[in-house]
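>>> Build me a model from this:
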Amino acid sequence: MKEKIKAFFKRKDIEISLKRYGIDALGAMAQGLFCSLLIGTIINTLGTQFGIPFLTTPVATVSGIEYTVGGLATAMSGPAMAVAIGYALKCPPLVLFSLITVGFASNALGGAGGPLAVLFVAIISSEVGKAVSKETKIDILVTPLVTIGVGIGLSALLAPTLGAAAMKVGSLIMWATELQPFLMGILVSVLVGVALTLPISSAAICAALGLTGLAGGAAVAGCSAQMIGFAVMSFAENRWSGLISQGVGTSMLQMGNIVKNPRIWIAPILTSAITGPIATCLFHLEMNGAPVSSGMGTCGFVGQIGVYTGWVSDVAAGTKGAITAFDWVGLILISFVLPAVLCPLINLVLKKIGWVKPGDMTLR
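A predicted model of the protein is given here:
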């Protein structure tokens, strides 16, 4: 029986593993969020800041609710996440398309913690859908019915609890950061920065936990320290292409080199431990934009755009007087200048004691 189940799972490409769910699915979920919630937020900000009528005027009205272009993109975050997860799990077409409904339901019922609910519900629905796909002569009916049925049922059963739990954890982290900005600034900055370089999604983690405020600012600092740090300190090996691919792309490119010599990771981690509390204690850097931006760092400058959209929203809401020069100085120093200076200096010490050697960070 056990062998038959293994054979069935292999035939259906159902792989129950940390890599498939914790890396592939989580990373895809972040991409889905980027293409919906994050892009929608950026479009709204551009429309507001540059006075573009097409981007600020409602283009559709659904059930009495008016939506702008950015609003429509934001409203589709649940379906976008679920379909992205299904794509990562290699779902057949009927399962993939059915996940649109599943994502909408789980995100809506999960409330503010919807992304975590979508992750769990979409994974289970995907695998169940794959299991029944093409097993009957009426696949066109069975597969969507089973996928959507399981997804809606799990959404009703689990999404509210998962969403509430995620928000409680996120709120606890944000509360602790407000209470102990120095220690939590270090902790959040280091952990989220490490998650960004590991083959998991720091953006999805921040989104799932709804990480904003000072904790979100510390997360931006940690991610930026990893990306800009690796980009600048490996410039001798990787030159301009490496600077751009790591500094604006992802420090995950160094993962293979980290496995070979983990000591090359010391400088970026120590840098994030320095910039995190500077962000929280000195500049009071807050991420009040979309939570997913907290875990993006300098990738496409999404972290910085998120901080800026948060400023704009706070000014519009009256909770912030104005965007000041001090705000900009803090953002630039934390995101770019300090990582570019501190990380190479720390790495220079590591080179002198022989822990890091030339060529250790060459991208191949």
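
>>> which helices and strands does the lowest-mean-pLDDT helix or strand in the chain pack with?
Within the chain, no helix or strand scores below helix 39-50, which has a mean of 81 by mean pLDDT, DSSP states H and E. Helix 39-50 sits against helix 53-56, helix 69-75, helix 302-317, with contacts defined as 3 or more C-beta pairs under 8 Å, 6 or more residues apart in numbering; DSSP states H and E. Backbone N, C-alpha and C define where each C-beta goes, glycine included.

>>> chain center to the helix or strand that the longest one is followed by: distance?
Proceeding C-terminally, helix 302-317 gives way to helix 325-332 as the next helix or strand, assigned by DSSP states H and E. Remark: helix 325-332 is offset 23 Å from the chain centroid, using C-alpha atoms, centre = their mean, to the nearest Å.

>>> Show me which residues of helix 325-332 are buried.
Asp327, Gly330, Leu331 (16 or more other C-beta atoms under 10 Å).

>>> before we move on, what about stretch 190-210?
By 16+ other C-beta under 10 Å, the buried positions in stretch 190-210 come out as 190-197, 200-210.

>>> can you count the residues close to Pro344?
For Pro344, the neighbour count with other C-beta atoms under 10 Å is 18.

>>> Mind giving me the packing neighbours of the helix or strand harbouring it?
Element membership for Pro344 (DSSP H and E) is helix 338-352. Packed against helix 338-352 by the contact rule (3+ C-beta pairs under 8 Å, 6+ apart) you find helix 213-233, helix 266-277.

>>> where does the most centrally placed residue in the chain fall, phi/psi-wise?
Compute the mean C-alpha point of the chain, and by C-alpha atoms, centre = their mean the closest residue is Ala203, 1.3 Å away. Per-residue torsions, Ala203: phi -60, psi -40 (degrees, to the nearest 10).

>>> That one against Gly295, yeah?
Yes: with contact defined as C-beta atoms under 8 Å, Ala203 counts as touching Gly295 (3.8 Å).

>>> so what sits against both of those two?
Residues touching both Ala203 and Gly295 by C-beta atoms under 8 Å, 6 or more residues apart in numbering: Ala30, Leu196.

>>> Now do Phe326, the pLDDT please.
On pLDDT, Phe326 comes in at 96.

>>> and the closest residue to it other than its chain neighbours, what does it touch?
Leaving aside its sequence neighbours, Phe326 sits nearest to Phe283 (C-beta to C-beta, 6 or more residues apart in numbering; 7.3 Å). Shown in contact with Phe283 (C-beta under 8 Å, 6+ apart): Gly217, Phe326, Asp327, Val329, Gly330, Leu331, Leu333, Ile334.

>>> so can I have CSV of those showing distance to Gly276?
Below are these laid out as CSV (distance: C-beta to C-beta, whole Å):
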residue, distance to Gly276
Gly217, 9
Phe326, 19
Asp327, 18
Val329, 17
Gly330, 13
Leu331, 14
Leu333, 13
Ile334, 9
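
>>> one step back: got CSV for the buried residues of helix 325-332, with distance to Ala122 too?
Formatted as CSV, the buried residues of helix 325-332 follow (distance: C-beta to C-beta, whole Å):
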residue, distance to Ala122
Asp327, 37
Gly330, 37
Leu331, 34
